[in-house]
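>>> here's a sequence, model it:
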Amino acid sequence: MPQRRDCNAVETIPLRLMIVAVVASLSILPAAEALDTLRNKDFVRRASLELDEIVSAAQIISIQGPGSARTITVDLRGDGTLRFDHLCIGDAQGGPNMSNAVLRFENGASLVRAADEPPVWIRSASGDALMVESPLFTLRLRSVFENHTLSVVAEAM
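Okay, here's the model as predicted:
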């Protein structure tokens, strides 16, 4: 059977290539968004675990009493569009966050973990909240008894 040549087929190649390019570009955007969503979910999960570790360490050394200390390496770096802004640990005595670790994201959202069972007063060495603006740091927690009050002093190194 002899082959037939179709001159119109050559003329439709640019149109076919354009259709392939458009379809490919339409599928890349949703895939990129899905990947970013997975990265953000992973970051929130890891950040939640880091906050749980900070709060549980504060509770443990509070139970152990004055002189107890722990050092924790905290990594709050994210790969997605959701980014770390700052971490606020504790507050002044009687303050609204005196038992909390509050992680703020650049978009204004936050994660909060409370050391409420048992309740623990967490503070900086100066007696107020410890504000950390680096996503990677080492946190030292130590239990102190001052002025008839037990508290956990948090220091970022």
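>>> so how far is residue 114 from residue 94?
Plainly put, residue 94 is 15 Å away from residue 114 if you go by C-beta to C-beta, to the nearest Å. In short, each C-beta sits where N, CA and C put it, glycine included.
>>> between the two, which one's more packed in?
residue 114 (15 against 7; other C-beta atoms under 10 Å).
>>> for the more buried one, what are its contacts?
By C-beta atoms under 8 Å, 6 or more residues apart in numbering, the contact set of residue 114 is 55, 99, 100.
>>> specify the local secondary structure of the spatially most central residue of the chain.
In the chain, the C-alpha nearest the mean C-alpha coordinate belongs to residue 47, at 3.6 Å (C-alpha atoms, centre = their mean). What DSSP: H, G, I helix; E, B strand; the rest coil gives for residue 47 is helix.
>>> give me the pLDDT value at it.
With respect to pLDDT, residue 47 scores 95.
>>> my guess is it contacts residue 103. True?
Yes - Residue 47 is in contact with residue 103 according to C-beta atoms under 8 Å; the separation is 5.7 Å.
>>> what's the helix or strand where residue 21 lies packed up against?
For residue 21, the element it lies in under DSSP states H and E is helix 13-64. In terms of contacts (3 or more C-beta pairs under 8 Å, 6 or more residues apart in numbering; DSSP states H and E), helix 13-64 is packed against strand 69-75, strand 100-105, strand 110-114, strand 136-146, strand 149-156.
>>> distance between that helix and the chain's centre?
Its chain's C-alpha centre and that of helix 13-64 lie 12 Å apart, by C-alpha atoms, centre = their mean, to the nearest Å.
>>> filter the contacts of residue 114 to the buried ones?
For the contacts of residue 114, a burial check counting by 16 or more other C-beta atoms under 10 Å picks out 55, 99, 100.
>>> pLDDT below threshold where in the protein?
Confidence mapping of the chain against pLDDT under 70 gives the ranges 1-12, 26.
>>> you'd agree residue 118 is up against residue 62?
Yes - Residue 118 lies in contact with residue 62 (C-beta under 8 Å); the separation is 6.6 Å.
>>> more neighbours, the two?
Between residue 118 and residue 62, counting by other C-beta under 10 Å, residue 62 is the more crowded of the two (21 against 9).
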